[in-house]
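Colleague: Only the shape, not the letters, is given here:
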């Protein structure tokens with residue numbers, strides 16, 4: 001089977017690593033790919049918004065399956081373009097992707113499907129949102145409606161911070177609709193499921209660490225590390241989340257004639273009254289994929305193709321026993337102004353089959369491997385216990401060196417202590 005993998009982050013390296021292990025793999029083309037994906041397939045330096053050229057490439061290379069990693073191409077309709085020429089796509093249509101690309105649309109679908117979620121109000125301007133806050137006098141979570149690369153949400157502590165958040169998001173992300181949402185209390189968990197339009201394979205529950213610093217302080221980032229599974233979600237709770245928070249939305253999208261085929265990702269708050277949805281993503285998370293993909297036992301390529309063609313067989317995929325902890329190593333200046341070009345040393349010296357290095361912001365320069373983005377790489381440790389997985393990840397992370405390297409030291413610490 002010839003595969004075209006779209007994207008260039010740690011998520012795509014994790015997918016390429018697993019897809020390449022399939023006995024069914026033929027050619028694996030990565031567009032544009034990164035230093036890591038090049039070890040498993042062939043990188044093709046296309047721009048993702050050149051959709052006609054991508055379709056021509058897929059037809060010329062006899063591609064049997066397109067796997068889309070990032071959210072923006074999905075929102076722009078890349079899956080629709082390939083589907084129109086008869087090439088199966090693992091990744092939802094633009095219409096189904098609206099559950100991520102429009103938080104307001106997601107709220108409509110959740111209300112229609114009876115999914116438990118926070119109360120929210122939608123406004124077509126920052127001015128209207130601010131006026132509501134002033135008249136209401138309450139403290140609300142502030143969200144922009146559209147895609148924001150994980151940075152379109154602020155959780156204020158008082159009215160003044162709420163108003164400041166609206167002003168700041170309007171400055172950073174202009175011309176967006178706004179949501180003011182009830183603040184839910186509890187612990188967050190990420191639940192992802194492979195979906196073929198109707199059936200689901202639910203992956204182990206994961207917990208991302210978004211804030212830059214230990215103890216969840218500092219600015220939000222794209223993700224500083226992730227743990228999977230998390231032990232505060234029992235098998236029964238995971239079934240409940242699938243039944244009440246994911247399956248109803250999948251059914252509602254199918255009923256609208258926009259079946260969801262890909263990965264549906266539910267951000268869940270475990271409240272005192274049960275799990276409630278914070279938001280949906282329409283693709284694998286990054287770095288969540290870097291912990292979840294290694295925990296999948298079975299032929300992932302076969303499952304992705306089955307999702308794309310509406311023929312998923314849930315019993316063919318199993319969860320590998322044990323835990324995965326991914327620690328993200330960041331460049332100097334991340335997240336505001338990440339520095340590029342710092343030489344990376346120590347990666348080749350790693351010799352542990354329970355540790356996987358997933359490249360994200362790396363490049364090959366004149367002196368070898370160097371930094372080329374804010375989140376440079378994810379170091380994933382595997383273990384029979386969470387403590388063991390965590391220790392392996394941090395030991396390997398310590399051996400990788402580049403000027404300005406920084407990372408959190410508490411990924412999974414609370415759960416493994």
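Modeller: Yep, that arrived. If you're wondering where the values come from, they're calculated on a predicted model, not measured in any experiment. Numbers count the residues shown, from 1 in each chain.

Colleague: residues contacting the residue most central in space within the chain?
Modeller: Central residue of the chain (CA atoms, centre = their mean): residue 285, 1.0 Å from the mean position. Residues near residue 285 by CB atoms under 8 Å, 6 or more residues apart in numbering: 11, 190, 192, 206, 208, 223, 226, 265. Any C-beta I mention is one placed from the backbone N, CA and C, and that applies to glycine too.

Colleague: May I ask you to confirm that residue 163 is in contact with residue 134?
Modeller: Yes - counting by CB atoms under 8 Å, residue 163 does reach residue 134; the two are 7.4 Å apart.

Colleague: Between those two, which is the more surrounded one?
Modeller: Neighbours per residue (other CB atoms under 10 Å) separate residue 163 from residue 134, with residue 163 holding more: 17 against 11.

Colleague: can you pull the contacts of that one?
Modeller: Taking CB under 8 Å, 6+ apart as the test, what residue 163 contacts is 130, 133, 134.

Colleague: quick one: it from residue 333, how far?
Modeller: Separation of residue 163 from residue 333 (CB to CB, to the nearest Å): 29 Å.

Colleague: quick check, nearest of the contacts of residue 285 to residue 35?
Modeller: residue 11 (14.5 Å; CB to CB).

Colleague: And what about the nearest residue to that closest one once chain neighbours are set aside, helix, strand or coil?
Modeller: Once flanking residues are discounted, residue 11 sits nearest to residue 286: 3.7 Å by CB to CB, 6 or more residues apart in numbering. At residue 286 the chain is in coil, as set by DSSP: H, G, I helix; E, B strand; the rest coil.

Colleague: Near residue 286, how many other residues are there?
Modeller: For residue 286, using other CB under 10 Å, the count is 27.

Colleague: what does residue 105 give?
Modeller: Neighbour count for residue 105, taken as other CB under 10 Å: 17.

Colleague: That one should be in a helix, yeah?
Modeller: Yes - assessed with three-state DSSP, residue 105 lies in a helix.

Colleague: one step back: so what's the residue nearest to residue 11 up against?
Modeller: Per CB under 8 Å, 6+ apart, neighbours of residue 286: 9, 10, 11, 69, 222, 223, 360.

Colleague: Could you identify which of these has the most neighbours?
Modeller: residue 10 (32 neighbours).

Colleague: Tell me which helix or strand in the chain has the weakest average pLDDT.
Modeller: Scoring the helices and strands of the chain by mean pLDDT, DSSP states H and E places helix 413-416 at the bottom, with a mean of 67.

Colleague: Centroid-wise, who is the farthest residue in this protein?
Modeller: Within the chain, residue 135 marks the point farthest from the mean C-alpha position, 36.3 Å out by CA atoms, centre = their mean.

Colleague: I'd guess it is in a helix, am I close?
Modeller: Yes - checked against three-state DSSP, residue 135 lies within a helix.

Colleague: any idea how far it lies from residue 177?
Modeller: As judged by CB to CB, residue 135 and residue 177 stand 19 Å apart.

Colleague: cool, and residue 312?
Modeller: In terms of CB to CB, residue 312 sits 34 Å off from residue 177.

Colleague: For the two, indicate the residue with more neighbours.
Modeller: residue 312 (24 against 18).

Colleague: got a list of what that one touches?
Modeller: Residue 312 touches 194, 195, 196, 199, 200, 201, 303, 306, counting by CB under 8 Å, 6+ apart.

Colleague: What separation do you get for the third one and residue 389?
Modeller: Residue 196 is 30 Å from residue 389, where distance means CB to CB.

Colleague: what about the residue lying closest to residue 359 once chain neighbours are set aside, how many residues close to it?
Modeller: The spatially closest residue to residue 359, leaving aside those adjacent along the chain, is residue 36, at 3.1 Å (CB to CB, 6+ apart). Residue 36 has 25 neighbouring residues, counting by other CB under 10 Å.

Colleague: so what's residue 36 up against?
Modeller: So residue 36 contacts 10, 13, 16, 17, 357, 358, 359, 360, 362, 377 (CB under 8 Å, 6+ apart).

Colleague: hmm, 10 Å instead?
Modeller: Neighbour list for residue 36: 8-10, 12-14, 16-17, 30, 43, 356-360, 362, 377-378 [criterion: CB atoms under 10 Å, 6 or more residues apart in numbering].

Colleague: same question, residue 185
Modeller: Contact analysis of residue 185 by CB under 10 Å, 6+ apart lists 269, 270, 271, 272.

Colleague: same thing but at 6 Å, please
Modeller: By CB atoms under 6 Å, 6 or more residues apart in numbering, the contact set of residue 185 is empty.

Colleague: Please identify the helix or strand for it.
Modeller: Per DSSP states H and E, residue 185 falls between elements, in no helix or strand.

Colleague: What of residue 278?
Modeller: Assessed by DSSP H and E, residue 278 sits inside strand 274-281.

Colleague: mean confidence score for that strand?
Modeller: Taken as a whole, strand 274-281 has a mean pLDDT of 96.

Colleague: Tell me the helix or strand right after it.
Modeller: Heading C-terminal from strand 274-281 (DSSP H and E), you reach helix 288-292.

Colleague: So what touches that following helix?
Modeller: Defining contact as CB under 6 Å, 6+ apart, one finds that helix 288-292 is touched by 10-11, 14, 190, 203, 206, 226, 228, 324, 326, 358, 378, 380.

Colleague: what separates that helix from the chain centre, distance-wise?
Modeller: Once both centres are worked out by CA atoms, centre = their mean, to the nearest Å, helix 288-292 turns out to sit 8 Å from its chain's centre.

Colleague: and the next element down the chain from that helix?
Modeller: Going down the chain from helix 288-292, the next helix or strand is strand 296-297, by DSSP H and E.

Colleague: What pairs with that following strand, parallel or antiparallel?
Modeller: Strand 296-297 has its sheet partners listed here by DSSP bridges as strand 318-319 (antiparallel).

Colleague: Quick one: name whatever helix or strand follows the partner strand.
Modeller: The element immediately downstream of strand 318-319 (helix or strand, assigned by DSSP H and E) is strand 323-330.

Colleague: Give the other helices and strands that that following strand contacts.
Modeller: strand 225-228, helix 288-292, strand 375-383, helix 386-398 (3 or more CB pairs under 6 Å, 6 or more residues apart in numbering; DSSP states H and E).

Colleague: now the angle from that strand to helix 386-398?
Modeller: Here strand 323-330 points in a direction 30 degrees away from that of helix 386-398 (axes from the mean of the first three to the mean of the last three CA atoms, to 10 degrees).
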